[in-house]
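Enquirer: Sequence plus the predicted model coming up.
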Amino acid sequence: MLVILTDVPCVYLNYKTKSQKPIRKMNISEAEQYLKSAQFPPGSMGPKIRAAVKFLQKGGKKAIITSFDLLEESLKGRAGTMIER
């Protein structure tokens, strides 16, 4: 398992807009589509999503993106964003 810590509790679509929406789970295909549609900018969540996708493509089982404060809850599947194959 790969855990990526950020300063936000999870990954969001339309981040910092009125239509911001948290993503609790996604798979590699969804993550790649979001990257292609510029949902995750290079200077923000983009590198984290790319690292998670690469980890999973190389055989990892799951990746979690979350904040340090929510790490324990994220490991239990109750917070953060989980990305799986």
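Expert: Arrived safely. Remember, predicted model here, so these are calculated numbers, not experimental data.
Enquirer: When you work out contacts or count neighbours from here on, use the C-alpha atoms and nothing else.
Expert: Noted.
Enquirer: who touches stretch 8-22?
Expert: Stretch 8-22 is contacted by residues 23-24, 39, 45, 65-67, 70, 79-81 when judged by C-alpha atoms under 8 Å, 6 or more residues apart in numbering.
Enquirer: now for the longest helix seen in the chain, which elements pack on it?
Expert: Longest helix in the chain, counting residues (DSSP state H): helix 46-57. When contacts are defined as 3 or more C-alpha pairs under 8 Å, 6 or more residues apart in numbering; DSSP states H and E, helix 46-57 packs onto strand 2-6, helix 28-36, strand 62-67, strand 81-84.
Enquirer: can you rerun that using 7 Å?
Expert: helix 28-36 (3 or more C-alpha pairs under 7 Å, 6 or more residues apart in numbering; DSSP states H and E).
Enquirer: How far away from the center of its chain is the helix it packs on?
Expert: 11 Å (C-alpha atoms, centre = their mean, to the nearest Å).
Enquirer: Specify the angle between it and strand 62-67 in degrees.
Expert: Calculated by axes from the mean of the first three to the mean of the last three C-alpha atoms, to 10 degrees, helix 28-36 forms an angle of 50 degrees with strand 62-67.
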